[in-house]
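1. Give me a 3D structure for the following:
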Amino acid sequence: MAEVIFSNVQKSYGETEILKGVDLEASAGEFIVLVGPSGCGKSTLLRLVAGLEDITGGEIRIGSKVVNDVAPRDRGVAMVFQSYALYPHMSVRENLGFGLSIRKEDPKKIASAVEEVAKMLDISALLDRLPKQLSGGQRQRVAIGRAIVRQPDVFLFDEPLSNLDAALRTQMRVELKKLHKRLKSTMIYVTHDQVEAMTLADRIVVMNGGVVQQVGSPLELFERPSNLFVAGFIGSPGMNFLKLKNGLPEGFEVPEIPDGTDVVGIRPQHLEHWDGHQTSFPMQVEVVESMGWEAHLHGGVGGQPAVAALEFESVARMKFPGEIRLGCDPRHLHFFNSSGVAISSTRPQ
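-> Next up is the predicted model:
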């Protein structure tokens, strides 16, 4: 394993800036997840580490080596793609050992490494099959296994689970977490799926417009977002934002609003059903999404769009569209200034 350090990394295509000076450090053995909307630069950053794109400015270091001008094969990295990228005419065994074969490694060493990795990923029974004879989950295991066989210093994952169905994604997330604990390797993972990011990452890097917005643990980003973008991007459903200029709804009590506050934020999970409570406030509910264990209520609070995530049983017998009374612990409120920067919080640290 090796650390990966980005120093003022820039990437442009002609006059179009994709990365605008990224500073980031992935510690040796850390699982870093890059998230952000499409076009934010997260996959481009991954490709720069792999050497699949040329850097425009700045420096990337893997371990003690600056790799800006180092050939991809000499960087000590292995990349797993969304599309599996298996050779269709090769068996699973041949696909797994291909990287070692082109290095002209000893055939006995290749065979041993392939058997070991196949056992680790529970694909030993598939070694003589062709990729077309495998399910999506099995193909992705082979793609991951091909990376493991190379024993890289750094693993790079570019949305590797996005082609799988929901059940397989859940299973593969667990397998990847186990794999990281077993290998103790540095892993940099790109995804648009928040559940993947929150469950896999040691730290999450939130990007937007080629700029790193915030870096922190999943819990830190959820509880203490640094700005409106992170607050709205992390968490599902996204945070509710109430603009002070539109006025807070009657019954929405805040002990103290910090000077300079423009927007008050509250996560849907922190809203509670307070029917009959004297400090409750009304929400006009238009649509209800039943998630089984909870219900997502979509509507408006004080004329502003809002979502509440409540226990399903608490609203199961209610009729919607209609009104519900809500409340919240003021310690869970977030405050942002007119520039969208978090300025203060009453949340417990």
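2. ok, longest helix in this protein?
-> Ranked by number of residues, the top helix in the chain under DSSP state H is helix 166-183.
3. just checking, next helix/strand downstream of that one?
-> Per DSSP states H and E, the first helix or strand lying C-terminal to helix 166-183 is strand 186-190.
4. That following strand pairs with which strands, and in what direction?
-> The pairing partners recorded for strand 186-190 under DSSP bridges are strand 31-35 (parallel), strand 154-158 (parallel).
5. so for the last one, what's the average pLDDT?
-> Pointing back at strand 154-158 there. The pLDDT scores in strand 154-158 average 93.
6. Could you check the angle that strand makes with helix 166-183?
-> In terms of direction (axes from the mean of the first three to the mean of the last three Cα atoms, to 10 degrees), strand 154-158 departs from helix 166-183 by 170 degrees.
7. heads up, I number from 11, so please use that
-> Happy to do that; since the first residue is 11 now, the last one works out to strand 164-168.
8. contact partners of strand 164-168?
-> Strand 164-168 has contacts (Cβ atoms under 8 Å, 6 or more residues apart in numbering) with 11-12, 14, 36, 53, 56-57, 59-60, 72, 85-92, 157, 186, 195-200. Yep, even glycine has a C-beta here, placed from its N, CA and C like the rest.
9. Okay, and which of these map to helices?
-> Taking DSSP H, the ones among the contacts of strand 164-168 that sit in helices are 53, 56-57, 59-60, 157, 186.
10. for the stretch 111-260 of the chain, what spans make up the helices?
-> 117-130, 146-159, 176-193, 204-210, 228-233, 238-243 (DSSP state H, counting those that start in this stretch).
11. what distance separates the fourth one from the centre of its chain?
-> From the chain centre to the centre of helix 204-210 is a distance of 5 Å (Cα atoms, centre = their mean, to the nearest Å).
12. Provide the contact partners of that helix at residue level.
-> Contacting residues not belonging to helix 204-210 are listed as 41, 43, 45, 171, 179, 183, 186-187, 190, 199, 201, 214, 228, 232, 243-246 [Cβ under 8 Å, 6+ apart].
13. any idea how far residue 65 is from the residue nearest the centre of the chain?
-> Central residue of the chain (Cα atoms, centre = their mean): residue 207, 2.9 Å from the mean position. Using Cβ to Cβ, to the nearest Å, residue 207 is found at 25 Å from residue 65.
14. Repeat that for residue 225.
-> According to Cβ to Cβ, residue 225 stands 20 Å off from residue 65.
15. again with residue 32
-> Distance from residue 32 to residue 65, by Cβ to Cβ: 10 Å.
16. So for those two, which residues contact both of them?
-> Common neighbours of residue 32 and residue 65 (criterion: Cβ under 8 Å, 6+ apart): 19-20.
17. neighbour-wise, which of the two wins?
-> Higher neighbour count among residue 32 and residue 65: residue 32, with 22 against 18, using other Cβ atoms under 10 Å.
18. tell me the contacts of the residue lying closest to that one once chain neighbours are set aside?
-> If the residues on either side of it in the chain are set aside, residue 32 comes closest to residue 19, at 4.4 Å by Cβ to Cβ, 6 or more residues apart in numbering. Each residue near residue 19 by Cβ under 8 Å, 6+ apart is listed here: 29, 31-34, 55, 58, 65, 67-70.
19. And residue 185, by the same measure?
-> Counting by Cβ under 8 Å, 6+ apart, residue 185 touches 131, 151.
20. Tell me the spacing between it and residue 12.
-> Counting by Cβ to Cβ, the gap from residue 185 to residue 12 is 23 Å.
21. Residue 31 now?
-> In terms of Cβ to Cβ, residue 31 sits 23 Å off from residue 12.
22. who's more crowded, the two?
-> More crowded of residue 31 and residue 12, by other Cβ under 10 Å: residue 12, with 21 against 15.
23. residues contacting the more buried one?
-> Contacts for residue 12 (Cβ under 8 Å, 6+ apart) come out as 38, 72-73, 86, 163-164, 196.
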